[in-house]
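K.L.:
this one's sequence-less:
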């Protein structure tokens with residue numbers, strides 16, 4: 001970089017904005033509340049440098065405080081949800097998800113990828129008093145999530161190559177090799193069934209929502225075996241796959257309209 005290039009780069013810098021973005025990106029990456037002192041140490045900035053940024057972000061509703069530590073709110077997520085592709089997907093999926101929940105007596109949720117993570121963008125509670133669901137905005141690393149198997153296995157070649165490198169950078173070659181093998185097997189099967197690693201007695205059932213250029217989302221039923229049974233798991237899997245195919249077809253129609 002020449003001195004002129006460096007001068008041009010500085011000309012368009014906005015230090016205050018950069019500090020605020022640093023805070024948002026840090027809290028997103030950490031996934032847990034942080035105190036101003038922790039942010040200061042991680043970012044290499046003084047607490048006094050960050051203090052005003054933290055105040056403004058809290059006032060505007062992007063972060064919130066709990067016991068002296070700060071975490072992200074869903075405000076950024078809500079802004080992202082207003083974008084046309086995501087809004088259309090949710091609008092198309094919700095009626096199908098309601099029918100699925102009613103037919104299986106189970107909750108269901110819709111997930112999309114963002115970088116090397118998954119995020120829940122919609123959910124429908126199961127009917128009745130008993131159920132299990134994940135909050136909207138919940139994030140998890142793709143390599144740790146059941147739906148991540150579908151996102152990797154059903155991705156087009158370009159997207160899979162990019163995702164593979166991100167996962168290797170974050171988790172190492174050995175772990176990604178094992179994950180990739182399971183993901184390709186899941187894609188061939190057309191769905192995933194895996195016991196939840198969060199809640200005993202819950203089985204994650206996952207089916208892909210496909211677009212013109214590969215997978216765009218996953219539809220998930222966190223299956224709970226009720227007594228007496230209301231919908232056997234085999235039937236729940238079949239209905240889940242049908243629902244995912246319906247959403248895929250409806251999204252294709254929307255994109256061509």
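P.N.:
Happy to help now that I have it. Keep in mind that what you see is a predicted model, and the values were worked out from it rather than measured.
K.L.:
per the record, what domains does the chain have?
P.N.:
Domain segmentation of the chain under automatic domain parsing yields 3-73, 78-256.
K.L.:
where along the stretch 51-200 of the chain do the helices fall?
P.N.:
Secondary structure of the stretch 51-200 of the chain by DSSP state H, counting those that start in this stretch: the helices cover 75-81, 84-104, 146-153, 157-171, 173-189.
K.L.:
just name the most buried of those helices.
P.N.:
Highest mean neighbour count of the helices of the stretch 51-200 of the chain: helix 146-153, a mean of 26 (counted as mean count of other Cβ atoms under 10 Å). Placement of C-beta: from N, CA and C, glycine included.
K.L.:
what helices or strands is it leaning on?
P.N.:
Here helix 146-153 touches strand 117-124, helix 157-171, helix 173-189, strand 192-195, strand 202-211, strand 214-224, going by 3 or more Cβ pairs under 8 Å, 6 or more residues apart in numbering; DSSP states H and E.
K.L.:
could I get those as TSV with distance to residue 48 and mean pLDDT?
P.N.:
Converted to TSV, the helices and strands packed on helix 146-153 look like this (distance: least, Cβ to Cβ, whole Å; pLDDT from 0 to 100):
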stretch	distance to residue 48	mean pLDDT
strand 117-124	32	90
helix 157-171	33	91
helix 173-189	40	95
strand 192-195	48	93
strand 202-211	46	94
strand 214-224	43	94
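K.L.:
let's have these in TSV, adding distance to residue 108.
P.N.:
Below are the helices and strands packed on helix 146-153 laid out as TSV (distance: least, Cβ to Cβ, whole Å):
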stretch	distance to residue 108
strand 117-124	5
helix 157-171	24
helix 173-189	18
strand 192-195	14
strand 202-211	9
strand 214-224	5
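K.L.:
who wins for proximity to residue 89 among these?
P.N.:
strand 214-224 (6.2 Å; Cβ to Cβ).
K.L.:
okay, now the sheet partners of the closest one, with direction.
P.N.:
Using DSSP bridges, strand 214-224 pairs in its sheet with strand 108-114 (antiparallel), strand 202-211 (antiparallel).
K.L.:
can you pull the contacts of residue 60?
P.N.:
Applying Cβ atoms under 8 Å, 6 or more residues apart in numbering to residue 60 gives the contacts residue 75.
K.L.:
so residue 123 bridges to which residues?
P.N.:
residue 109.
K.L.:
what's the neighbour count on it?
P.N.:
By the criterion of other Cβ atoms under 10 Å, residue 123 has 20 neighbours.
K.L.:
quick check: closest non-adjacent residue to the residue nearest to the spatial centre of the chain.
P.N.:
Central residue of the chain (Cα atoms, centre = their mean): residue 119, 1.4 Å from the mean position. Excluding its sequence neighbours, the residue lying closest to residue 119 (Cβ to Cβ, 6 or more residues apart in numbering) is residue 139, at 5.0 Å.
K.L.:
what's near enough to touch that neighbour?
P.N.:
31, 114, 117, 118, 119, 120.
K.L.:
distance of the closest residue to residue 138 other than its chain neighbours from residue 227?
P.N.:
Spatial nearest neighbour of residue 138, chain neighbours left out: residue 120 (4.6 Å); criterion: Cβ to Cβ, 6+ apart. As judged by Cβ to Cβ, to the nearest Å, residue 120 and residue 227 stand 28 Å apart.
K.L.:
who's more crowded, those two?
P.N.:
residue 120 (20 against 5).
K.L.:
contacting residues around the residue nearest to the centre of the chain?
P.N.:
Contacts of residue 119 by Cβ under 8 Å, 6+ apart are 77, 111, 112, 113, 137, 138, 139.
K.L.:
quick one: contacts of stretch 24-43?
P.N.:
Everything outside stretch 24-43 that qualifies as a contact, by Cβ under 8 Å, 6+ apart, is 22-23, 45-47, 49-51, 54, 57, 62-63, 66-72, 76, 139.
K.L.:
for it, measure first residue to last.
P.N.:
Criterion Cα to Cα, to the nearest Å; first-to-last residue distance in stretch 24-43 is 11 Å.
K.L.:
now stretch 205-222
P.N.:
Stretch 205-222 end-to-end distance (Cα to Cα) = 6 Å.
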